[in-house]
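Student: Here's my sequence, what's the structure:
(one chain, ligands or ions: 1)
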Amino acid sequence: MTQKTAGGDVRLSGISKTYGSFTAVHPLDLTIPQGSFFALLGASGCGKTTTLRMIAGLEDPTTGTVFLGDKDVTDLQPYKRPVNTVFQSYALFPHLDVAENIAFGLRRRGIKSYKKQVDDMLDLVQLGAFAGRKPHQLSGGQQQRVAVARALINHPQVLLLDEPLGALDLKLRRQMQLELKRIQTEVGITFVHVTHDQEEAMTMADQVAVMNGGRVEQLGAPADLYENPKTTFVANFLGTSNLIEAEVVETAGEDTVVTCGGSKLRVPGERCASQPRAGGKLLVGVRPEKVSVAHADDAGTIADGRNRITGRIVASSFIGVSTQYIVDSPACSDFEVYVQNIERDARLTPGAEVVLHWNPAHTFGLDADQDID
Ligand code: ATP
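Tutor: Numbering: from 1, shown residues only. Take a look at the predicted model:
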């Protein structure tokens, strides 16, 4: 069942929200493309739910305009907007069975012949066999799917999801992430999903807005945010990153060359968030899984041209597909470096002297004048 809808992008123009003297959302400009799966990601209290509620019409913006396509909906009552919301609590009617819950919106609008639409929705969320059950006879994931079906049957232009998987255990959460993504692809409407779980946002969304302190700190596709974070907050919020404070030696061709404790590292110019200048500082980052670890005795076998720093293993833990090493390196003033390595080497135990090395292309540079979060 594909339900391509009319409408357009969700466009937030200068919207903000203040409560008394507290600003929950600073003036925000954001375009959510029609038909995309869009995530608002951030820690508790960063303003993501407030932003979602302003799109829904459940919260009046202090300033700014909300557009759906070309239409200014800022002053439109929530129920008049072509938008539906799924909350973490699901809010199903306990006395109605699954089919009746899903049909609720249509019945309220006086629509009598809704069986086919309800059947389509039951198919979409794969709950055909559960149509006659009451919510308390369903698992959390099944209840969540009923809530999604109940919202989608109204053919909204936009479905807003406020931490809809928050009540589920981890395994079910992971399953439901894929399930929601499948449903979104099938119906083709815009999903705006609020979550504090970076893995969830990365798994599901086409685009992620990372929020911090009421502002969007960075917006982009998951892989781009992960590989090219522009701030320490984004670098640390999306996975683990090794951040090393280094001094800029020179900008050589396309690369910036930095030094940290005697090691020279190369950072591709296009991966530097700020314009580096010789003598200035740069925070150099690399993701743990991009780093290889070699025993110091094997240092001669490392290919030329790779970034490398020396260190000593202080801890290692086997985590299934990989082993995680924590390495103390004088090259980065006792900064711990997390390394995941698929090939296991029996000599790589705590105390071993090692060389960490990686392809310079995987290195990014951040403005050093920010706090390391
Ligand atoms: P969470 O993940 O915990 O729901 P969030 O990122 O969704 O967090 P919001 O619910 O948008 O955060 O809240 C943003 C900030 O605004 C918080 O500091 C919150 O305490 C504050 N806030 C939200 N609603 C109100 C209100 N009605 N009055 C005063 N402050 C509020």
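Student: Please verify my assumption that residue 312 contacts residue 328.
Tutor: Yes. Contact criterion CB atoms under 8 Å: residue 312 and residue 328 qualify, at 5.5 Å. C-betas here are computed from N, CA, C, even on glycine.
Student: Could you check stretch 224-240 and say which residues are buried?
Tutor: Buried residues in stretch 224-240, counting neighbours by 16 or more other CB atoms under 10 Å, are found at 225-235, 237-239.
Student: before we move on, what about stretch 357-365?
Tutor: Quick answer for stretch 357-365 (16+ other CB under 10 Å): 357-358, 360, 362-365.
Student: out of the residues you listed, who's nearest the ligand?
Tutor: residue 364 (26.2 Å; CB to the nearest ligand atom).
Student: which residues pair with the closest one across the strands?
Tutor: In this entry, residue 364 is beta-bridged to residue 285, by DSSP bridges.
Student: from now on call the first residue 655
Tutor: I'll keep to 655 as the first residue from here, and by that count the last item is residue 1018.
Student: Would you check that it makes contact with residue 885?
Tutor: No. Contact criterion CB under 8 Å: residue 1018 and residue 885 do not qualify, at 11.0 Å.
Student: before we move on, back to that, out of the buried residues of stretch 878-894, which comes closest to residue 696?
Tutor: For those, the minimum distance to residue 696 (CB to CB) is 7.7 Å, reached by residue 891.
Student: Contact partners for the closest one?
Tutor: Counting by CB atoms under 8 Å, 6 or more residues apart in numbering, residue 891 makes contact with 695-697, 852, 864, 866, 1027.
Student: of the residues you listed, list those near the ligand.
Tutor: By CB under 6 Å from any ligand atom, the members of these lying near the ligand are residue 696.
Student: Show me the domain layout of this structure.
Tutor: 664-885, 888-1021 (automatic domain parsing).
Student: First-to-last residue distance for the shortest one?
Tutor: Taking CA to CA, to the nearest Å, the first and last residues of domain 888-1021 lie 13 Å apart.
Student: Report the rounded mean pLDDT for that domain.
Tutor: Averaging pLDDT along domain 888-1021 gives 86.
Student: so does that domain get close to the ligand?
Tutor: No. Domain 888-1021 stays clear of the ligand (CB under 6 Å from any ligand atom), getting no nearer than 12.7 Å.
Student: Tell me where the chain has helices.
Tutor: Ranges of helices in the chain, per DSSP state H, are 702-710, 752-762, 769-778, 794-806, 824-841, 852-858, 876-881, 886-891.
Student: Dump the ones you listed into CSV; add distance to residue 898 as well.
Tutor: As requested, those are exported to CSV (distance: least, CB to CB, whole Å):
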stretch, distance to residue 898
helix 702-710, 31
helix 752-762, 53
helix 769-778, 48
helix 794-806, 42
helix 824-841, 32
helix 852-858, 22
helix 876-881, 17
helix 886-891, 12
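Student: Looking at these, which is nearest to residue 785?
Tutor: helix 752-762 (4.2 Å).
Student: Need the CA coordinates for the closest one. CSV is fine.
Tutor: C-alpha atoms of helix 752-762 as CSV (Å, rounded to 0.1, in the frame of the first residue of the first chain):
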residue,chain,number,x,y,z
VAL,A,752,-7.2,-3.2,17.7
ALA,A,753,-9.4,-2.7,14.7
GLU,A,754,-11.7,-0.3,16.6
ASN,A,755,-8.7,1.7,17.8
ILE,A,756,-7.4,2.0,14.3
ALA,A,757,-10.9,3.0,13.0
PHE,A,758,-11.4,5.6,15.7
GLY,A,759,-10.4,8.7,13.7
LEU,A,760,-12.6,7.7,10.7
ARG,A,761,-15.6,6.9,12.9
ARG,A,762,-15.3,10.2,14.7
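Student: Phi and psi next, for the residue in the stretch 805-954 of the chain that the ligand sits nearest to.
Tutor: Nearest residue of the stretch 805-954 of the chain to the ligand (CB to the nearest ligand atom) works out as residue 850 at 5.2 Å. Note on residue 850: its backbone torsions stand at phi -100, psi 0 [degrees, to the nearest 10].
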